[in-house]
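Q: Could you work out the structure for the sequence below:
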Amino acid sequence: MDILPPGETIAKLGLEPNQYILFVGRLVPENCAHHLVEAFKK
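A: Numbers count the residues shown, from 1 in each chain. This is a model prediction of the structure:
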């Protein structure tokens, strides 16, 4: 697998810089992922 500059990887995935969040973890209540979503909305 080739390592691409971040801009190329973001574009390849159809994402726009600073317009997404990355959450790595299980979607269970105690991880409070809902706080990330609410903060991103604001």
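Q: residues of whichever strand or helix holds residue 36 that come out buried?
A: Per DSSP states H and E: residue 36 is located in helix 33-41. Residues of helix 33-41 include none that count as buried (16 or more other CB atoms under 10 Å). Just so you know, the C-beta spots here come from the backbone N, C-alpha and C atoms, and that holds for glycine as well.
Q: cool, stretch 7-14 as well?
A: Buried residues in stretch 7-14, counted by 16+ other CB under 10 Å: residue 10.
Q: end-to-end on stretch 22-39?
A: Stretch 22-39 has an end-to-end distance of 13 Å (CA to CA, to the nearest Å).
Q: actually stretch 14-32, not the one I typed
A: By CA to CA, the extent of stretch 14-32 from end to end equals 26 Å.
Q: Show the average pLDDT along that stretch.
A: What stretch 14-32 shows for mean pLDDT is 86.
Q: centre of the chain versus that stretch, how much separation?
A: For stretch 14-32, the distance from its own C-alpha centre to the chain's C-alpha centre is 4 Å (CA atoms, centre = their mean, to the nearest Å).
Q: residues in contact with that stretch?
A: 7, 10, 33, 36, 40 (CB atoms under 8 Å, 6 or more residues apart in numbering).
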